[in-house]
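[1] could you work out the structure for the sequence below:
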Amino acid sequence: MAITRLKDLVTTFESKWTFGDSKFGYDGEVNESHNTQYPLLLINPPLSTMPELYSGREEYEFEINFYNLYPQAAQSAVTLQHRWDNLQDLAMEWFDMVLKAYQDNTVEVYLNDQSLEIERVKEVANDKLVQIKFTFTMSAFTKCFRPTSTYPSDIANLITWLRADSGLTFDIPTKQISAWADQSGNSNSVAQATKSKQALRFGYDGANDKARIQFNGTKDYFTSNDNSPIGTDFTMFFVPQVDLSATEQGRYFSYQSSQTTLIVGSNNNKLTAKFTDSTGTGGFVTLNSSNTSLYHIAVAKLENKRLYLEYNNTLNDSVQVSGYDNTTTFNATNYNLGSDGETAVYYLKGNMQEVIIYNSVLSDVEIANVKSYLNNKFKIY
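    Down below sits the predicted model:
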């Protein structure tokens, strides 16, 4: 039996909360030092009982509190019920990931039937916060739960997963981001050490009021810590938004090594992508009916000699270049998000919420699953 101590459960709870700070403690301790990174997960010390002697099963009665800011400035644009619903979305995703962690036969924990209760609380603790409270009972050493959600990490060949709600190293007062950690498990992270070129982190006000990263269109961008991990064929997903005033090219993703290029971005508020091999042979696709000034889900896929581009599950096009060298790889140097790098002419002016990259061509079913994950989260279409 893998779960034998409360510490094992708490460690799993904390590791699956990737959206902000987590704490094991009591309500009165919330943000005592006023340095909390929200959203906050607070795990109250649980009650526990052995309901059946010698059965090897212990019931833990948990109260989990989730907090997020509800700043005065946001009240005119975002309703209180919307902010509560989005906090509940994060809480439910966290709970699903916790339960998924206990699917393995060597880890036997389950949620007691009909034990989950959800409560909304307002204006709590030392800040003006919204709060969601989960109370539930978990039994260790017995197993029955089977989650049905599909996450990007459930699909093979995921090499990079960057989320605006997770893995960010940023300065709380200025919101400037110095590092963005890869959530795929492959450590393909990006960073920006120069303060004047750091994008800003906002925990709200993106698509569906989710977290966003704001690029200023003149200096902000990230560079991968290591060489790009992309081989020959790939599938990419982006959730961006371009400022309506940005009429020139904005880069979502940019890889350039001599004449080998791979670019996905916006050109005059239209979704576009380009690829070339070491001789400069390649092609580009522009979706003329797209509107990148709105939050959208962009899919770019390179299969053999064909580049495919999709906007919001409704518009798509592709180009096939017979002379393109399909042994070309995109891993000789770093890649950038938000611009072409130090010598950039074009910068992204707008926001980015998620970047997902696979080092393979996904099937139609797999692409549909990733788009479903993104659209369920951001409510794009």
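[2] helix or strand right after the helix or strand bottoming out on mean pLDDT in the chain?
    Of all helical and strand segments in the chain, the minimum by mean pLDDT, DSSP states H and E falls on strand 117-122, at a mean of 73. Downstream of strand 117-122, the next assigned helix or strand under DSSP states H and E is strand 129-140.
[3] and the next element down the chain from that following strand?
    Where DSSP H and E defines the elements, the next helix or strand beyond strand 129-140 is strand 158-163.
[4] partner strands of that next one, parallel or antiparallel?
    Next to strand 158-163 in the sheet, as set by DSSP bridges, lie strand 349-358 (antiparallel).
[5] so the helix or strand that the strand it pairs with is followed by versus strand 158-163, what angle?
    Downstream of strand 349-358, the first helix or strand assigned by DSSP H and E is helix 364-378. Between the axes of helix 364-378 and strand 158-163, defined by axes from the mean of the first three to the mean of the last three Cα atoms, to 10 degrees, the angle is 10 degrees.
[6] return the set of buried residues in helix 364-378.
    Neighbour-count burial for helix 364-378, with 16 or more other Cβ atoms under 10 Å as criterion, is recorded at 366-367, 369-371, 373-375, 377-378. Quick note: C-beta positions are derived from backbone N, CA and C, even for glycine.
[7] and these as CSV, adding pLDDT and distance to residue 189?
    Formatted as CSV, the buried residues of helix 364-378 follow (pLDDT from 0 to 100; distance: Cβ to Cβ, whole Å):
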residue, pLDDT, distance to residue 189
366, 97, 24
367, 97, 24
369, 96, 24
370, 97, 20
371, 97, 24
373, 95, 21
374, 96, 20
375, 95, 26
377, 94, 21
378, 96, 22
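[8] which one of those is nearest to residue 217?
    residue 378 (21.9 Å; Cβ to Cβ).
[9] relative to residue 96, how far out is residue 59?
    From residue 59 across to residue 96, the span is 21 Å (Cβ to Cβ, to the nearest Å).
[10] go on, residue 184?
    For residue 184 relative to residue 96 (Cβ to Cβ), the value is 18 Å.
[11] more neighbours: those two, which one.
    Between residue 184 and residue 96, residue 184 has the larger neighbour count (other Cβ atoms under 10 Å), namely 20 against 16.
[12] now the more buried one: closest residue in space that isn't a chain neighbour?
    Ranked by Cβ to Cβ, 6 or more residues apart in numbering and with sequence neighbours excluded, the top spatial neighbour of residue 184 is residue 161, at 4.1 Å.
[13] was I right to think the one you found contacts residue 181?
    No - taking contacts as Cβ atoms under 8 Å, residue 161 lies outside contact range of residue 181: 9.8 Å.
[14] and those two? which has more neighbours close in?
    residue 161 (23 against 19).
[15] quick check: bridge partners of that one?
    Applying DSSP bridges to residue 161 gives these bridge partners: residue 356.
[16] residue 264 touches residue 298, doesn't it?
    Yes - counting by Cβ under 8 Å, residue 298 is a contact partner of residue 264 at 6.7 Å.
[17] what sits in contact with each of the two?
    236, 238, 252, 309 (Cβ atoms under 8 Å, 6 or more residues apart in numbering).
[18] for the residue nearest in space to the middle of the chain, list the residues it contacts.
    Geometric centre of the chain, nearest residue: residue 163, 2.4 Å, by Cα atoms, centre = their mean. Residue 163 sits next to 18, 183, 211, 353-354 when contact means Cβ under 8 Å, 6+ apart.
[19] by neighbours, which of these wins?
    residue 354 (27 neighbours).
[20] now that one: closest residue in space that isn't a chain neighbour?
    Per Cβ to Cβ, 6+ apart, closest to residue 354 is residue 239, 4.3 Å.
[21] what's the per-residue pLDDT of that neighbour here?
    For residue 239, the pLDDT comes out at 98.
[22] that one and residue 299 touch, don't they?
    No - under the criterion of Cβ under 8 Å, residue 239 makes no contact with residue 299, lying 10.7 Å away.
[23] give me the contacts around stretch 257-264.
    By Cβ under 8 Å, 6+ apart, stretch 257-264 touches 230, 236, 238, 251-256, 272-280, 282, 298, 300, 302, 309, 328, 330, 332-333, 335, 340.
[24] what do you get if the cut-off is 6 Å, keeping everything else the same?
    Under the criterion Cβ atoms under 6 Å, 6 or more residues apart in numbering, residues 252-255, 273-276, 278, 280, 300, 330, 332-333 lie in contact with stretch 257-264.
[25] out of the residues you listed, which is most surrounded?
    Taking other Cβ under 10 Å as the neighbour criterion, residue 273 ranks highest of these with 29 neighbours.
[26] helices of the protein, residue ranges please.
    Applying DSSP state H to the chain gives helices spanning 6-16, 80-100, 364-378.
[27] tell me the contacts of the residue nearest to residue 184?
    Listed by Cβ under 6 Å, 6+ apart, the contact set of residue 161 reads 152, 183-184, 356.
[28] and stretch 119-130, end to end?
    Using Cα to Cα, to the nearest Å, the end-to-end distance of stretch 119-130 comes out at 11 Å.
[29] same check on stretch 291-300?
    Counting by Cα to Cα, you get 16 Å between the two ends of stretch 291-300.
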